[in-house]
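Peer 1: My questions are about this predicted structure, shown below with the sequence.
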Amino acid sequence: MLAQLQTAAGLLYPPSCMGCARSIACHGGLCGTCWRDTPFIAGLVCDGCGVPLPGGAPGEVAHCDSCLFDPPLWVQGRSAMVYRDMGRKLVLALKHGDRQDIAKPGAGWMARSVANILPDETLIAPIPLHWRRMMKRRFNQSALLAKALSRETGHDCCLDLLKRVRHTRPLEGKTRPERYAALHGAIRVSTGAHGMIVGRPILLVDDVMTSGATLSCATRACIEAGAGPIRVVTLARVAKET
């Protein structure tokens with residue numbers, strides 16, 4: 001019955017590219033042109049924040065200048081793509097265009113980026129939205145990614161592990177210090193979840209990493225609740241073009 005329903009849905013809604021809506025062979029994919037224009041991150045990356053780095057040898061562990069100067073609170077970070085071109089378009093479509101179908105393939109790309117860094121018993125948790133923003137948007141794109149990533153990796157997921165206890169204004173256009181100041185203390189571990197995470201490795205999931213302020217706030221909350229080590233992964237990563 002399920003196969004018949006999927007076949008019927010495929011006839012009613014033929015597979016189309018997530019980037020340009022051009023007809024393609026299967027659902028949840030990109031056409032050749034959009035795939036070429038999607039800046040997937042591969043090769044050597046900063047072990048701390050996931051930004052791509054030049055050069056590199058097999059098995060090399062490296063860090064960008066920013067992470068060497070100001071190491072993040074988490075132990076490792078990864079991203080699936082750079083936040084530009086088709087990468088930016090896909091993230092904005094998921095976040096503001098109600099394109100929830102992007103979460104599943106996006107999680108597949110994210111799963112590949114963290115494939116070799118997740119220890120056993122890792123618990124996946126999304127960055128939370130404040131209830132006011134949740135009412136306006138109707139869904140949390142980070143929670144969609146976390147849930148799909150749990151299916152991809154087989155690791156447990158707790159969608160309400162963290163809670164946004166203070167509403168903050170959009171961070172676009174703010175400097176790095178302003179972002180950190182605005183988010184200080186805005187995220188906490190949910191009541192009753194502390195016993196679940198004591199001593200347990202956590203993978204925090206978000207859609208985009210810019211300065212890392214939101215992920216730092218969430219990481220600090222987890223560490224203060226006794227969790228650890230903390231790793232982070234995002235669908236996209238803001239990075240300077242080289």
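Peer 2: Received, thanks. Numbers count the residues shown, from 1 in each chain.

Peer 1: Which stretches in this protein count as strands?
Peer 2: Ranges of strands in the chain, per DSSP state E, are 76-82, 123-126, 156-157, 162-164, 187-189, 202-209, 230-237.

Peer 1: elements contacting the fourth one?
Peer 2: The reference is to strand 162-164. strand 187-189, helix 213-224 (3 or more CB pairs under 8 Å, 6 or more residues apart in numbering; DSSP states H and E). No exception for glycine: its C-beta is placed from N, CA and C like everyone else's.

Peer 1: Okay, now the unreliable bits of the chain?
Peer 2: 1-12, 58, 241-242 (pLDDT under 70).

Peer 1: Redo the strands of the chain as CSV? Include distance to residue 33 and mean neighbour count.
Peer 2: What follows is the strands of the chain, written out as CSV (distance: least, CB to CB, whole Å; neighbours: other CB atoms under 10 Å):
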stretch, distance to residue 33, mean neighbour count
strand 76-82, 16, 26
strand 123-126, 31, 25
strand 156-157, 34, 16
strand 162-164, 38, 21
strand 187-189, 39, 22
strand 202-209, 23, 25
strand 230-237, 19, 28
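
Peer 1: Could you tell me how many residues sit around residue 133?
Peer 2: Residue 133: 14 surrounding residues under other CB atoms under 10 Å.

Peer 1: Now it. Nearest residue, chain neighbours left out?
Peer 2: residue 167 (7.2 Å; CB to CB, 6 or more residues apart in numbering).

Peer 1: ditto for residue 46
Peer 2: Of all residues not flanking residue 46 in the chain, residue 64 sits nearest, at 4.0 Å (CB to CB, 6+ apart).

Peer 1: Can you pull the phi/psi pair for the one you found?
Peer 2: phi -70, psi 170 (degrees, to the nearest 10).

Peer 1: what separates it from residue 194, distance-wise?
Peer 2: Separation of residue 64 from residue 194 (CB to CB, to the nearest Å) stands at 33 Å.

Peer 1: between those two, who's got more neighbours?
Peer 2: residue 64 (18 against 14).

Peer 1: surely the more buried one meets residue 44?
Peer 2: No. Contact between residue 64 and residue 44 fails when scored by CB atoms under 8 Å: they sit 10.4 Å apart.

Peer 1: Find the residues that touch each one of the two.
Peer 2: By the contact definition CB atoms under 8 Å, 6 or more residues apart in numbering, residue 64 and residue 44 are jointly contacted by residue 53.

Peer 1: Going by residue numbers, what spans are helices in this structure?
Peer 2: 2-12, 32-36, 65-69, 85-96, 103-113, 131-137, 141-153, 176-183, 194-197, 213-224 (DSSP state H).
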